[in-house]
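Student: no FASTA, just this:
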């Protein structure tokens, strides 16, 4: 049937293959270009929304800051509140000072324990390496003595062979040659063995120090008991006028919430804050008290899980007040539960 159609007729029916292929490619390019433009447009739209949200958040933050500023100005203009504002900010600064002090103590304690463990691991590794190196050096010395004996034997055999007369040399040539070849082989083996021992010794000397593993649970708990002990000593040191509690409260509330009292009362609080803060910096020689307090804390501590490093807050809420005579008095204060001086953030975990 198709024989009756000419080329022109077929082209009219099915179209030009080359032209159709070019048009298809152009359509595909337009399709993909449109898809990429839609993606870019969607990304720009998302970016626009994100920036709008940021602007809204910044504007809200600016409004809140302005409100706080206006509230603070109104308090400073009020003669009944101006002294309370001063006390509030001094207590906040005092609270931050205590927080920093506790954080420094915790960090120093962790570093000391980690360095001690690192030194212990490195010392053990060094001893093992030195022991291996010493054994190899001993083997190398023995190998060198053995090699020297073989070389002396080879030299002696060659000298004896060279001193033989012609007839004796002819009769014994084969046996002596075998002996010389055997000694040469043993010398080569000995030299190879010495090279291997020397390579092993260099490998031992070139070993990298081992990575120190993290502290185990027992060490972390011990650190945390000391941190809590230090926090208890600060709490006791600032027990006058309940400075620790007032400072914690100021650190978590906004200005104007707490009324500390009259000007005289505010002046007394300020003086006490300055005096006790300065005296805290001069306290020394209470390491024994910290150790004893940490031991008593550990005896009461209960952990929720076997691999927990931080005890359940309620089990260590007893504060141990140890005087200069060693007498212990107890009082209740849940330093972990109330998160004094951001205590929960400095524990070893």
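Tutor: Nice, thanks for sending it over. Remember, predicted model here, so these are calculated numbers, not experimental data.
Student: Nearest the geometric middle of this protein, what residue?
Tutor: Geometric centre of the chain, nearest residue: residue 214, 9.0 Å, by CA atoms, centre = their mean.
Student: Tell me the confidence at that residue?
Tutor: pLDDT, residue 214: 80.
Student: Confirm it sits in a strand?
Tutor: No: checked against DSSP: H, G, I helix; E, B strand; the rest coil, residue 214 lies outside a strand; its state is coil.
Student: What residues does residue 132 make contact with?
Tutor: Residue 132 is in contact with residue 204, counting by CB atoms under 8 Å, 6 or more residues apart in numbering. Where you see a C-beta, it was placed from the backbone N, CA and C, and this is true even at glycine.
Student: show me where pLDDT drops low in the stretch 201-349 of the chain?
Tutor: For the stretch 201-349 of the chain, the stretches flagged by pLDDT under 70 are 283-285.
Student: how about the strands in it?
Tutor: 318-322, 328-332 (DSSP state E, counting those that start in this stretch).
Student: how close does the residue nearest to the centre of the chain get to residue 91?
Tutor: With the distance defined as CB to CB, to the nearest Å, residue 214 ends up 37 Å from residue 91.
Student: Next: residue 328.
Tutor: According to CB to CB, residue 328 stands 30 Å off from residue 91.
Student: How about residue 36?
Tutor: Distance of residue 36 to residue 91, given as CB to CB: 60 Å.
Student: The two: which is more packed in?
Tutor: Using other CB atoms under 10 Å, the more surrounded residue of residue 36 and residue 91 is residue 91, with 22 against 10.
Student: What number of residues are in the vicinity of residue 149?
Tutor: There are 13 residues near residue 149, going by other CB under 10 Å.
Student: Identify the residues contacting it.
Tutor: Counted by CB under 8 Å, 6+ apart, residue 149 has zero contacts.
Student: where's it, which helix or strand?
Tutor: Residue 149 belongs to helix 82-163 when assigned by DSSP states H and E.
Student: And that helix, how far out from the chain middle?
Tutor: 20 Å (CA atoms, centre = their mean, to the nearest Å).
Student: Show me what the mean pLDDT comes to for that helix.
Tutor: 88.
Student: Likewise for stretch 184-195?
Tutor: What stretch 184-195 shows for mean pLDDT is 88.
Student: Check what contacts that stretch and list those residues.
Tutor: 140, 143, 144, 146, 147, 150, 151, 154.
Student: next one: stretch 341-349
Tutor: Contacts to stretch 341-349, defined as CB under 8 Å, 6+ apart, come from residues 95, 98-99, 101-103, 106-107, 110, 215, 219-220, 223-224, 227-228, 231, 234, 248, 309-310, 335-336.
Student: Could I have the ChimeraX command that selects the buried members from these?
Tutor: In ChimeraX, a selection of the buried entries from those looks like this (16 or more other CB atoms under 10 Å):
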select :95,98,99,101,102,103,106,110,215,219,220,223,224,227,228,231,234,248,309,310,335,336
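Student: Model confidence for residue 14, exactly?
Tutor: Looking at residue 14, its pLDDT is 43.
Student: Show me the domain layout of this protein.
Tutor: According to automatic domain parsing, the chain is divided into the following domains: 2-75, 82-122+215-345, 124-205.
Student: so which of the ones you listed is the most packed in?
Tutor: domain 82-122+215-345 (a mean of 16; mean count of other CB atoms under 10 Å).
Student: Could you pull up the mean pLDDT of the one helix or strand residue 33 maps to?
Tutor: Assigned by DSSP H and E, residue 33 belongs to helix 17-77. Averaging pLDDT along helix 17-77 gives 75.
Student: Please work out the angle formed by the directions of that helix and helix 82-163.
Tutor: For helix 17-77 against helix 82-163, the angle by axes from the mean of the first three to the mean of the last three CA atoms, to 10 degrees is 130 degrees.
Student: helices or strands up against helix 17-77?
Tutor: helix 82-163 (3 or more CB pairs under 8 Å, 6 or more residues apart in numbering; DSSP states H and E).
Student: mind listing what residue 94 touches?
Tutor: Residues near residue 94 by CB under 8 Å, 6+ apart: 243, 247, 273, 277.
Student: One more pass at 10 Å, please.
Tutor: Counting by CB atoms under 10 Å, 6 or more residues apart in numbering, residue 94 makes contact with 238, 243, 244, 246, 247, 250, 251, 270, 273, 274, 276, 277.
Student: tell me the phi and psi of the first one?
Tutor: I take that to be residue 238. The phi/psi pair for residue 238 (degrees, to the nearest 10) reads phi -110, psi 30.
Student: start at 49 instead
Tutor: Shifting the count to begin at 49 puts that one at residue 286.
Student: From residue 391, how far out is it?
Tutor: Taking CB to CB, one finds residue 286 at 14 Å from residue 391.
Student: again, but for the last one
Tutor: The gap separating residue 325 from residue 391 is 18 Å, by CB to CB.
Student: and what of the fifth one?
Tutor: With distances taken as CB to CB, residue 295 is found 13 Å from residue 391.
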